[in-house]
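Q: Just a sequence and a predicted model for now, questions to come.
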Amino acid sequence: MSDAATQPLRFADLANPTRFLDLSGKALPWLGALALVVTGIGLAMGFAAPEDYQQGITVRIMYIHVPFAWISMMCYVVMALAALGTLVWKHPLADVSLKAAAPIGAVFTALALATGSIWGRPMWGTWWVWDGRLTSVFVLFLMYLGLIALTRALDDPARSARAAAIVTLVGVINIPIIKFSVEWWNTLHQPASVIRLDGPTIHPSLLWPLLVSALGFTLLFFTLHLMAMRAEIWRRRVAVMRRMMARRADREVAA
């Protein structure tokens, strides 16, 4: 057995794309299986949970809507950390992480908006209101779309990475706005009921299925993120090989 195989894993090893591909390839099947199991348990617990005395059966939308909303914000925080990795630490995989996360964040944000509208219709009597929470989440969705477009608009990878990192860090101000919007402005959206200084206000029979479901969807996010990062690394390698082949062909033609 080689010395490299027996050495413990260091964080710096993940800066090597080849090493990252090897480690993530081994971890993905286990992480994906764990995500599916935990998500399935969480949703099963949600369906078995009692109905809310006010909302009735519609409260069960909570077990997907809240995790979707949580991940939509968490994904942007992951992208902001990746942006710091690009601008400050020059980590080779930071831009890969940011670019891979943006489409996933857009999907989860769209799902949060859609499930929130479905939940809001019987509760509020309307599909949509332009209050602080819904508007700031919609702005988050537009930010994801803008970052996706930006990362694909520039041909120079270095310029694209720097521009996306700067825009991401500027946009991170929207995350606390989303979090505290229900406290800062009048809104139909209910205030925070899980992460509170005085403890959750949800009954344990509803809280535990929600927490398990949120954990499952979080594991699913990281599974999808690793898969997208691997695809992005391979895409960049193929692009480099194509450029090298094109240059070789040009030299042969010129000769």
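A: Received the coordinates, thanks.
Q: Any stretches of the stretch 151-255 of the chain with poor pLDDT?
A: Across the stretch 151-255 of the chain, the ranges flagged by pLDDT under 70 are 188, 191-201, 255.
Q: do that again at 80, thanks
A: 155, 184-203, 239-240, 243, 249-250, 252, 254-255 (pLDDT under 80).
Q: can you give me the strands in it?
A: With DSSP state E, counting those that start in this stretch, there are no strands along the stretch 151-255 of the chain.
Q: Which stretches in it count as helices?
A: 157-171, 174-184, 204-254 (DSSP state H, counting those that start in this stretch).
Q: Kindly provide the distance from Met45 to Asp52.
A: Distance of Met45 to Asp52, computed by Cβ to Cβ, to the nearest Å: 15 Å. (C-beta placed from N, C-alpha, C; glycine too.)
Q: For the residue nearest to Ala101 when sequence neighbours are not counted, give me its contacts.
A: Excluding the flanking residues, the one nearest Ala101 by Cβ to Cβ, 6 or more residues apart in numbering is Met79, at 5.0 Å. With contacts taken as Cβ atoms under 8 Å, 6 or more residues apart in numbering, Met79 has the following neighbours: Ser97, Leu98, Ala101, Ala102, Gly105, Leu147, Thr168.
Q: Likewise for His189?
A: With Cβ under 8 Å, 6+ apart, His189 has these contacts: Asp131, Gly132, Arg133, Leu134, Ser181, Val182.
Q: Now for those, which sits with the most neighbours around it?
A: Arg133 (23 neighbours; other Cβ atoms under 10 Å).
Q: That one contacts Ser181, doesn't it?
A: Yes: counting by Cβ atoms under 8 Å, Arg133 touches Ser181, with 4.6 Å between them.
Q: Mutual contacts of the two, please.
A: Residues within reach of Arg133 and of Ser181 at once, by Cβ under 8 Å, 6+ apart, are Thr187, His189.
Q: Which residue lies closest in space to the most centrally placed residue in the chain, excluding its sequence neighbours?
A: By Cα atoms, centre = their mean, the chain has its centre lying nearest to Cys75, at 2.9 Å. Closest residue to Cys75 apart from its sequence neighbours, by Cβ to Cβ, 6+ apart: Gly105 at 3.6 Å.
Q: Assumed that neighbour was part of a strand.
A: No: Gly105 is assigned helix when assessed by DSSP: H, G, I helix; E, B strand; the rest coil, not a strand.
Q: what sits against it?
A: Residues in contact with Gly105, defined by Cβ under 8 Å, 6+ apart, are Ile71, Ser72, Cys75, Tyr76, Met79, Tyr144.
Q: Kindly provide the distance from the second one to Gly46.
A: Between Ser72 and Gly46 the distance, using Cβ to Cβ, works out to 19 Å.
Q: Likewise for the last one?
A: Relative to Gly46, Tyr144 is positioned 27 Å away (Cβ to Cβ).
Q: In terms of neighbours, single out the busier of Ser72 and Gly46.
A: Ser72 (26 against 20).
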